[in-house]
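In: Output the structure for:
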Amino acid sequence: MKFMMEMMVPSEPQRSRKQGRVQGVCVLLLSALAASADKVLILEIPPHPVPTGSDVTLRCRLRNGDIIAAFFFFGGSRVGSGPKSELIITNIQQTDEGLYSCSTDMFGSSPQRFLKVKVSQDGSEVEVYEGVESVLLPCQVSIPQGEDMKVMWKHREFKILVHMHGSDVDDLRNQSQRYANRTSMRADALQTGDLSLTLRNPTVSDSGTYTCILQRDGREESQGEVHLKVKASSVSLRRLFCHLVVFCPYCISTGLLLSICYNKKTPNRPAASMEVTQQHEEAQALAEECDDVTADVTTEHAF
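Out: I've put the predicted structure just below:
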């Protein structure tokens, strides 16, 4: 019996190991509770890449699903002035790509979540009339870290190089003669992410799909497309009105000069007729006076 009691009572090393396991479990539970307490807020963000040009709404929620007014952060910097229930990003571009989070004074900060932006496969469309001075083909990207960065613009249908920019300068050695002296980009394009291309004096033959390609160390990082449509030049009503305003005075002056010259060469018949009539009346009056004088002379001779 004594032997059985000794077998049931744990030894000192066994008690120490059991206490260690219990303490370990308690520590894990406390850590889990602390982690859950730190992550009461959840940032609601699109799980898939968002195409450029679309609108995105970010919301801050509690674990129970309730939306709460919070401060929003992008890349560690606060967006906006005060707490709000949602953050709306309109016409999103690749420069909006990055880490977002939300925070409140009561519940702390949410885990950071990455918003991925992709260039829309449909691309943007630009439409102009032939004869304009220039047209801008837009391209906005997020510039990654790295060396040997360059951007190329190509015409997809013609398969020719339209423009190349790298190391803060243009590299036009392989540029198609079709676009010689007609293209330009910002000098700080690879710093700002604004890779837009300016095409001067666009013509109908320039219409087509243009591809903007960003390369790093020879590898393609991102790509965007712009559909350019150049319409044949047409005279607008406004331009027609301007032409009329300019040329009408000349037309009126010419008409008046021609009318004056014509009147000078053509005799004025009504005026001549009036002179003849007046002369005839004067002759009749003179004849009547002569008759009166003759009558007076005859009378005196009779006496």
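In: Let me see the ranges of the strands in the stretch 151-300 of the chain.
Out: Under the criterion DSSP state E, counting those that start in this stretch, strands of the stretch 151-300 of the chain are mapped to 160-166, 169-170, 183-184, 197-200, 208-216, 219-231.
In: Give the helix, strand or coil label for Glu147.
Out: Of the three states, Glu147 takes coil according to DSSP: H, G, I helix; E, B strand; the rest coil.
In: wouldn't it be in contact with Asp217 here?
Out: Yes. Glu147 lies in contact with Asp217 (Cβ atoms under 8 Å); the separation is 6.8 Å. No exception for glycine: its C-beta is placed from N, CA and C like everyone else's.
In: Looking at the two, which has the bigger crowd around it?
Out: Asp217 (10 against 7; other Cβ atoms under 10 Å).
In: Against Phe74, how distant is the spatially closest residue to the more buried one that is not a sequence neighbour?
Out: Sequence neighbours aside, Asp148 is the residue nearest to Asp217 in space, at 5.1 Å (criterion: Cβ to Cβ, 6 or more residues apart in numbering). Distance, Asp148 to Phe74, using Cβ to Cβ, to the nearest Å: 28 Å.
In: still on that earlier bit, which residues touch the residue nearest to Asp217?
Out: Shown in contact with Asp148 (Cβ atoms under 8 Å, 6 or more residues apart in numbering): 166, 216-218.
In: Relative to Ser110, how far out is the nearest residue to Ala69 once chain neighbours are set aside?
Out: Spatially, and ignoring its direct neighbours in sequence, Ala69 is nearest to Pro83 (4.3 Å; Cβ to Cβ, 6+ apart). To Ser110, Pro83 is 13 Å away according to Cβ to Cβ.
In: ok, back up a step: looking at the strands of the stretch 151-300 of the chain, spot the one closest to Cys102.
Out: Cys102 lies closest, by Cβ to Cβ, to one member of the strands of the stretch 151-300 of the chain: strand 219-231, at 27.6 Å.
In: pLDDT (mean, whole number) over that closest one?
Out: The average pLDDT within strand 219-231 is 85.
In: and the angle from that strand to strand 208-216?
Out: 160 degrees (axes from the mean of the first three to the mean of the last three Cα atoms, to 10 degrees).
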